[in-house]
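A.B. asks: Coordinates only, no sequence provided:
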Ligand code: 4NP
């Protein structure tokens, strides 16, 4: 007997920096606990500027450094996403406002701030796109590791319906 997969979508402004890292890290987190086949995981952008492009090289470098496989390209969020995914995670408050505006009335996805699952309480995953170095990408990776684990623990406990 097969059970329906749980579906998680990670959103940021451009889908080339933060949400690819969050997607890759979350996929690795579920793979590592043997639940890879129980999840469908993707990421998408609020904006259309980078559709079809691979992530920023600093995001790819950061994932490579931490053995996080990644080979997706950017796409923009669609209205269908809000009824396909169970959980849609934004990286900052602007993402959350944009997601709320775009969600069709009554759509099923829970819109969640990823940083709300950080046990260290670092709630915002800041946009590192305009930074002159990679440290913001490393920080995004570390936050994504904590938030993925925190979310999966809360889900397991039944704290998220
Ligand atoms: P992301 O970073 O939202 O973390 O992918 C950005 C990437 C590109 C742009 C903004 C943010 N942009 O304006 O092109």
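C.D. replies: Good, I have the coordinates. Being a predicted model, the structure only gives us computed values, none of them experimental. Numbering: from 1, shown residues only.
A.B. asks: can you list contacts of the longest helix seen in the chain?
C.D. replies: As assigned by DSSP state H, the longest helix anywhere in the chain is helix 135-156. For helix 135-156, contacts defined as CB atoms under 8 Å, 6 or more residues apart in numbering pick out 17-18, 21-22, 25-26, 29-30, 33, 56, 58-59, 61-63, 66, 68, 87, 112, 114-115, 117-120, 122, 125-128, 131, 160. All C-beta spots, glycine's among them, are computed from the backbone N, C-alpha and C.
A.B. asks: so of those, which ones are in helices?
C.D. replies: Counting by DSSP H, the part of the contacts of helix 135-156 found in helices is 18, 21, 22, 25, 26, 29, 30, 58, 59, 61, 62, 63.
A.B. asks: of these, list those near the ligand.
C.D. replies: With CB under 6 Å from any ligand atom as the criterion, these include residue 18 near the ligand.
A.B. asks: Can I get the buried ones among the ones in helices among the contacts of helix 135-156 as something I can paste into PyMOL?
C.D. replies: PyMOL command restricting the ones in helices among the contacts of helix 135-156 to the buried ones, with burial defined by 16 or more other CB atoms under 10 Å:
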select buried, resi 18+21+22+25+26+29+30+58+59+62+63
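A.B. asks: tell me the two of the ones in helices among the contacts of helix 135-156 that are most distant?
C.D. replies: Using CB to CB, the ones in helices among the contacts of helix 135-156 span at most 24.5 Å, a distance reached by 30 and 58.
A.B. asks: Who are the contact partners of the nearest residue to residue 108 once chain neighbours are set aside?
C.D. replies: Take residue 108 and drop its neighbours on the chain: the residue closest to it by CB to CB, 6 or more residues apart in numbering is residue 83, 5.4 Å away. Applying CB under 8 Å, 6+ apart, we find residue 83 in contact with 104, 107, 108, 109.
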